[in-house]
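A.B. asks: fold the following.
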Amino acid sequence: MIVGRLKTLRKNKGITQEELAKAIGVLRHSYVYYEKGTRSPTCDILVKICKQLDVSADYLLGLSDVISTYEQSLKLSRQESELIKELRTLGENEQSALFTLFRAIKH
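C.D. replies: Got it, this is the predicted structure:
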């Protein structure tokens, strides 16, 4: 990970080390090691960091200098991204009903 990018992205989002650590499921001191570059996060934690900061792993790892969002890195269309955001606001029963509807439309 490029030292500095993680800290800059976090600060730009206006969140503390403690808040981000909690959101990704690690202790604050573990997260601080990632920011300092003394330790590297596991792949699972890296994905969580990318989701929380809405940035691609390519940018965070220094493989790209282009800041793209996490969703852009998945190559989702704008409509797909909007559908996913809406889906996440629904309860489990509503999601189940929607999947049933999708399957019915598909066939």
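
A.B. asks: so what does the closest residue in space to Val47 that isn't next to it in sequence have for phi and psi?
C.D. replies: With Cβ to Cβ, 6 or more residues apart in numbering as the criterion, Val47 has its nearest non-adjacent residue at 7.3 Å, and that residue is Ala57. Glycine gets a C-beta too; all of them are placed from N, C-alpha and C. Main-chain dihedrals, Ala57, degrees, to the nearest 10: phi -70, psi -30.

A.B. asks: so that it lines up with my notes, have the first residue be 10 from now on.
C.D. replies: Sure, I'll start numbering at 10, so the last one becomes Ala66.

A.B. asks: Ala66: what's it in contact with?
C.D. replies: Ala66 makes contact with 55-56, 59, 72, 82 under the criterion Cβ atoms under 8 Å, 6 or more residues apart in numbering.

A.B. asks: confidence score at it?
C.D. replies: Per-residue confidence (pLDDT) for Ala66: 89.

A.B. asks: check the contacts of Ala66 and tell me the two furthest apart.
C.D. replies: With Cβ to Cβ as the measure, no two of the contacts of Ala66 lie farther apart than Val56 and Leu72, at 15.0 Å.
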